[in-house]
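Engineer: Sequence and predicted structure below; questions after.
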Amino acid sequence: MKPMYENIDLAIGTSLKIQTYTHTHNCELTSWHIHPEYEIVYVKNGTGNLRIDSERIPYQDGVLLMIGPNLPHSDFGNKDQTDNLEVVVQFGKEFLENKLSVFPEFSKIKKLILASKKGIIFDQDIKKRVSDRFDGIGTENTTRQLLIFMGILEQLSTTDAYRTVLKQVPLNSNSLVDVHRLEIVFQYVNNHFSEPISTHLVAAHLGLTTNSFCRFFKTMTGQSFISFLNDFRTRKAVELLDQRTLSVSEVLYQCGYNDPSYFTKQFKKYQRRTPSSYLGIRT
């Protein structure tokens, strides 16, 4: 089965995407998927099965793993234990190329990240050593989260107590041209979501006809471009509303909408409540 492409968008003013899930707040299942970001997953306890590329690997008492970009995989967590915790950290190649590469002291970390292109599963003793950091990272502010994550990477980079899932970096079965095109689309939307965006505009940006672009995007992601765009924009609206500094009217314009009723309709569709009710919940 061909994996669906998932867009990993970073919150405003962050370098990483860090999400935590519990027994009652589970990761939204995306099934068999792929994305161009690196990913570290910590599952505190319970049993489950890892599906990474062509490999299926059972685990017990949780798992700590790291996978590189464009490596097909399914969701890793489980619901076995009521005290279970799953932490997912995702970052793009620019984190490696534009940030870590500046410091020669991070050479071991860069080596670890590159090794993750084969998929890495860490031994249980290493998982236990960093468990305290993962257990508390979800309650910290973004600055502390970055510092904690760098500490985790440093600790993981000093051990060889892990095994790679694959013997070699797999050749991507998807067209490299298509992968690159999709990354361009995601980056374009991330940079211009506050501006007018149409399928015709993005298609022209890729050098495709509108119909060809729509078919391409649906095939690669499993959803229409307009659906993706509205989902993306309403999630950005949530981030801005959480800051409590802008009115709903200001937020909708900053997220590329100029019709309040249409914004409310889309927000309710993708966030399952109206903007005003969301603000009420956050009060």
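Structural biologist: Received it, and whenever you're ready, just let me know what you need. Residues are numbered from 1 along each chain as shown.
Engineer: distance of the residue nearest to residue 14 when sequence neighbours are not counted from residue 15?
Structural biologist: Spatial nearest neighbour of residue 14, chain neighbours left out: residue 142 (5.3 Å); criterion: C-beta to C-beta, 6 or more residues apart in numbering. For glycine as for every other residue, the C-beta is placed from the backbone atoms N, C-alpha and C. Separation of residue 142 from residue 15 (C-beta to C-beta, to the nearest Å) stands at 9 Å.
Engineer: Now do stretch 135-152: distance to the chain's middle.
Structural biologist: 16 Å (C-alpha atoms, centre = their mean, to the nearest Å).
Engineer: before we move on, what about stretch 245-259?
Structural biologist: For stretch 245-259, the distance to the chain centre is 25 Å (C-alpha atoms, centre = their mean).
Engineer: for it, how far is the first residue from the last?
Structural biologist: 21 Å (C-alpha to C-alpha, to the nearest Å).
Engineer: Show me what that stretch is in contact with.
Structural biologist: For stretch 245-259, the surrounding residues in contact (C-beta atoms under 8 Å, 6 or more residues apart in numbering) are 193-197, 233-234, 236-237, 240-241, 260, 263, 266, 275-276, 279.
Engineer: which residues of the stretch 101-250 of the chain score low on pLDDT?
Structural biologist: Scanning the stretch 101-250 of the chain for pLDDT under 70 picks out 170-176.
Engineer: still on that earlier bit, please indicate which of the contacts of stretch 245-259 are buried?
Structural biologist: Using 16 or more other C-beta atoms under 10 Å as the burial test, the contacts of stretch 245-259 include 193, 197, 233-234, 236-237, 240-241, 263, 266, 275, 279 as buried.
Engineer: farthest-separated two in these?
Structural biologist: 197 and 279 (25.5 Å; C-beta to C-beta).
Engineer: okay, the buried ones among the contacts of stretch 245-259 in TSV with distance to residue 4 and secondary structure next?
Structural biologist: What follows is these, written out as TSV (distance: C-beta to C-beta, whole Å; DSSP: H, G, I helix; E, B strand; the rest coil):
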residue	distance to residue 4	secondary structure
193	21	coil
197	22	coil
233	20	helix
234	20	helix
236	22	helix
237	24	helix
240	28	helix
241	28	helix
263	27	helix
266	22	helix
275	29	helix
279	32	helix
